[in-house]
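K.L.:
whatever this is, show me its structure:
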Amino acid sequence: MQRPNGTPSGFSIELWEALVDRTGLQTRFVMLPDLKTLLHYIESGEGDATIAAISITSDREARIDFSHPYFDSGLQILVAAAEMGALQKAFGTLRRLTSTRGFWSAFLTLGLLLVVFAHVIWFIERDRNPSFARRYPAGLWDAVY
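P.N.:
Residues are numbered from 1 along each chain as shown. Below is the predicted model:
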């Protein structure tokens, strides 16, 4: 993007300026009209480096040396909700819910608490409750139940 005075702005520019501040390099911004021109600019040696939203492809990797990606946006595919059936929506919601780190953290925490409390209950009840199984695996199952 460009500011009203014509100077570049945006996330990539701020990142580049931070790198320049740390390294003390002298740089000059050149605004290019499109990706094809930008890639040619680097390949021909007219420019030393570029910073932009460029996807790394095998063809580009063969021609240009890339740094490590500094932003990963992922891949999203959108479809109209009307095209999805109720069952597809339900499975989609379930998949999104179970794919989060928070869900699995909560699930494992609750599982751990269940096992800990089942051991405490089994340890207390095995000698006091005659209908409670005294053997470890069966008694633990009774405690969980």
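
K.L.:
from here on, contacts and neighbour counts on C-alpha atoms
P.N.:
Will do.

K.L.:
so which bits of the lengthiest helix in the chain are buried?
P.N.:
The longest helix of the chain (DSSP state H) is helix 101-128. For helix 101-128, burial by neighbour count (16 or more other Cα atoms under 10 Å) applies to 118-119, 121-123, 125-126.

K.L.:
same check on stretch 49-68?
P.N.:
Neighbour-count burial for stretch 49-68 flags T50 (criterion: 16+ other Cα under 10 Å).

K.L.:
can you give me the end-to-end distance of that stretch?
P.N.:
14 Å (Cα to Cα, to the nearest Å).

K.L.:
quickly note the distance from the residue of the chain most remote from its centre to G139.
P.N.:
In the chain, the greatest distance from the average C-alpha position (Cα atoms, centre = their mean) is reached by P130, at 52.0 Å. Plainly put, P130 is 11 Å away from G139 if you go by Cα to Cα.

K.L.:
the strand or helix carrying Q88 vs helix 101-128, what angle?
P.N.:
Taking DSSP states H and E as the definition, Q88 sits inside helix 86-98. Here the directions of helix 86-98 and helix 101-128 differ by 80 degrees (axes from the mean of the first three to the mean of the last three Cα atoms, to 10 degrees).

K.L.:
list the contacts of helix 86-98.
P.N.:
The contact list for helix 86-98 (Cα atoms under 8 Å, 6 or more residues apart in numbering) reads 103-104.

K.L.:
likewise for stretch 32-42?
P.N.:
Residues contacting stretch 32-42 (Cα under 8 Å, 6+ apart): 47-50, 54, 64.

K.L.:
would a markdown table of these with secondary structure be doable?
P.N.:
Shown next, in a markdown table, are these (DSSP: H, G, I helix; E, B strand; the rest coil):
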| residue | secondary structure |
| --- | --- |
| G47 | coil |
| D48 | coil |
| A49 | coil |
| T50 | coil |
| I54 | coil |
| I64 | coil |
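
K.L.:
hmm, which of the residues you listed is lowest in pLDDT?
P.N.:
For the contacts of stretch 32-42, the weakest pLDDT value sits at I54, with 85.
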